[in-house]
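Asks: A predicted structure for the sequence below; I have some questions about it.
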Amino acid sequence: MSAFTPNASPLNKLRSLTGSRRILVHTLLIGVAIVMLYPLLWMLSSSLKPDTEIFTHPGLIPNKLQPENYSKGWSGSGNSFSLYITNSLIVTIGAVIGNVISCSLAAFAFARLEFRGKKIWFGLMLGTLMLPTQAVLIPQYTIFYNLTWINTYLPLIVPKFLAVDAFFIFLMVQFIRSIPRELDQAAMMDGANPLQIYWKIILPLMKPALITTTIFTFIWTYDDFLHQLVYLQQNDKFTVPLGLTLFLDQTSGSSYGAMFAMSTIALAPTLICFLFFQKRLVEGMATSGMKG
């Protein structure tokens, strides 16, 4: 008979293998996290460096701290940087409200109502996901120019109230399809019309999808550079992405330290939004993607 040792049991081998794999996975995740966080750490470090040191000494630890980059950047672009943050929040909040209202209404129509050509319209809506935004930029600009909306926030906010983001419509359609239709039928027996069903039953139940839409719309609108560059012309109407470009000057010296300082401050709203709603974001994506 062969000798039996406890350490050689299959269960101990499995536990050892699982532990080793766990260590390997955690090590890999830590390495990936460091790689992804390094640009942010470098930006934070560069915001405390003199301009002459930012690109000559790319390390994370500054040789000489220069915290005045923050005070210089806050008022060094001709306007207070708080003006650009306020403008960005105006555009972003307007876009969030528009997307939540219009996309939820459109999703309710596709998921619950019956009308002629429903499948065709739904397919066309999904087809817009494959349409590059650059392809419709010139026609949109022509329309907004004729409406005298250029150099205003209207081109950035009003379209959001017209359910133009097919991604969020599809996301909400999938979520609404997971809600039992018996709730609708019970409400109809009580005399509720479709709008009342949407407002009193569907909307409260689709909170995870609404929060997901809010977070993504907030981040994408706040970080949008192209559309804001096209439609906004005056400095006092600039948002954060456009305000940061004022620190770069090809004809004279650029204030890289001040730009990185304001870039660090500009991250705060999106970071707070993501951290505060992180759990709801994962919940909304999971329930919308796996049900229906």
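Replies: Thanks, I have it.

Asks: Relative to residue 128, how far out is residue 167?
Replies: According to Cβ to Cβ, to the nearest Å, residue 167 and residue 128 sit 9 Å apart. Every C-beta, even on glycine, is put in place using the N, C-alpha and C of the backbone.

Asks: which of those two has more neighbours?
Replies: residue 167 (16 against 13; other Cβ atoms under 10 Å).

Asks: Give the full set of residues in contact with that one.
Replies: residue 129 (Cβ atoms under 8 Å, 6 or more residues apart in numbering).

Asks: Helix or strand: which one has it?
Replies: Here residue 167 sits within helix 166-177, counting by DSSP states H and E.

Asks: That helix: which residues count as buried?
Replies: 166, 167, 168, 169, 170, 171, 172, 173, 174, 175, 176 (16 or more other Cβ atoms under 10 Å).

Asks: Distance to residue 86 and pLDDT added to those residues, as TSV?
Replies: Formatted as TSV, these follow (distance: Cβ to Cβ, whole Å; pLDDT from 0 to 100):
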residue	distance to residue 86	pLDDT
166	30	95
167	28	94
168	25	95
169	30	96
170	33	94
171	30	92
172	30	94
173	35	95
174	36	92
175	33	92
176	35	94
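
Asks: Tell me the one of the residues you listed nearest residue 99?
Replies: residue 168 (5.9 Å; Cβ to Cβ).

Asks: what sits against residue 181?
Replies: Residue 181 touches residue 112, counting by Cβ under 8 Å, 6+ apart.

Asks: ah, wrong one, I meant residue 98
Replies: So residue 98 contacts 157, 158, 159, 160, 161, 162 (Cβ under 8 Å, 6+ apart).

Asks: Quick check: it vs residue 185, distance?
Replies: Counting by Cβ to Cβ, the gap from residue 98 to residue 185 is 31 Å.

Asks: okay, now the domains of the chain?
Replies: 10-74, 79-250 (automatic domain parsing).

Asks: Compare these and give me the one nearest residue 273.
Replies: domain 79-250 (5.3 Å).

Asks: re the thing from before, can you list which of the contacts of residue 98 are found in helices?
Replies: Counting by DSSP state H, the part of these found in helices is residue 157.

Asks: Which PyMOL command selects the buried ones in the contacts of residue 98?
Replies: Typed into PyMOL, the line below selects the buried ones among these, using 16+ other Cβ under 10 Å:
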select buried, resi 157+158+159+160
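
Asks: what comes up buried for stretch 118-125?
Replies: For stretch 118-125, burial by neighbour count (16+ other Cβ under 10 Å) applies to 122, 125.
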